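Visitor: Got a predicted model here, sequence first, then my questions.
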Amino acid sequence: MASSEPAASAKAKKYLQIADDLATEIKAGILAPGAPVPSEAELMQRYGVASGTVRNAIAELRTAQLIETYHGRGSFVRYRPPVQHRSSDRFRRAHRKAGKAAYLAETEASGGTLSVTVLFIGPTEAPADIAERLQVPVGTRVLARRRRYFRNGVPTEEATSYLPWDVVKDIPEMFAENPGGGGIYQRLEEHGFILAEYEETVRARLATKAEAVALALSPGAAVIHLVREVVTTTGRVVEVCDTLMAADHFVLTYQAAVTD
């Protein structure tokens, strides 16, 4: 029986050739930012290959962050590099005093245009994991603020902030869709809750079907699940933010001091 290895090798070379050809067109501007990538049917006809080979080529371009694929719409050339999420810079008071919340400052730095859809604002019972982080009993009433963020019209992130009710009940801006310049952190500090540190827990996983639809991702796409605790100078946790991010839209950078 003849070995199947040469055939497999030929297929691998073919999808890499397709990916290289498209990458060259993207870098040369032949396929401009925002332009649709040729359809699966077009590429199958152009190269005389099966659909699986084309899909592998498209996956290679996504991995290289040259294109973005949206559920039900197809693949498009990326407009701009991913948002740089820098832990040492994103929560600077200077940004908030300039009227910019963290995501706005990061999106502008990447050359993108931000828009936000508010999905829910109101009281809710703290689920077990959030209650533990806020150091309150499970079921305690907290304020939830759930938003979906878009860069250049594309959904990139969903975030839900949970804040202790006794902290926010006398801050009316916290119940508004737009809490004002600098966002909720600026409002907290204006009311005496001076922020001292942020702790973020990050893990990567595959998106669920519902998450893929919400963020317009391809089935099986990767997401970043980030949970942040915001702590005041008195040691109180005043926010837990549960965030789901489209992994190919972000680069996370962390800085840590050397200790003994």
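Guide: Cool, got the structure. Numbering: from 1, shown residues only.
Visitor: ranges for the helices of the chain?
Guide: 5-27, 40-47, 51-63, 93-97, 102-109, 128-134, 165-168, 183-190, 209-214 (DSSP state H).
Visitor: and of those helices, who's closest to residue 230?
Guide: helix 183-190 (7.2 Å; Cβ to Cβ). Any C-beta I mention is one placed from the backbone N, CA and C, and that applies to glycine too.
Visitor: Next one, pLDDT for the residue nearest to residue 137 when sequence neighbours are not counted please.
Guide: The shortest distance from residue 137 to any non-neighbouring residue, by Cβ to Cβ, 6 or more residues apart in numbering, is to residue 131 (6.3 Å). pLDDT, residue 131: 98.
Visitor: count of neighbours near residue 131?
Guide: 18 (other Cβ atoms under 10 Å).
Visitor: same deal with the one 10 residues further on?
Guide: Here the neighbour count serves as a burial measure; for residue 141 (other Cβ under 10 Å) it reads 13.
Visitor: One more: residue 120?
Guide: 10.
Visitor: What of the one 4 residues further on?
Guide: Look at residue 124: counted by other Cβ under 10 Å, it has 17 neighbours.
Visitor: my read: residue 124 touches residue 139, true?
Guide: No. Look at residue 124 against residue 139 with Cβ atoms under 8 Å: they stay out of range, at 9.9 Å.
Visitor: Surely residue 228 and residue 243 touch.
Guide: Yes. With contact defined as Cβ under 8 Å, residue 228 reaches residue 243; the gap is 7.0 Å.
Visitor: excluding its backbone neighbours, what's nearest residue 121?
Guide: In space, residue 121 is closest to residue 145, 5.2 Å off (Cβ to Cβ, 6+ apart).
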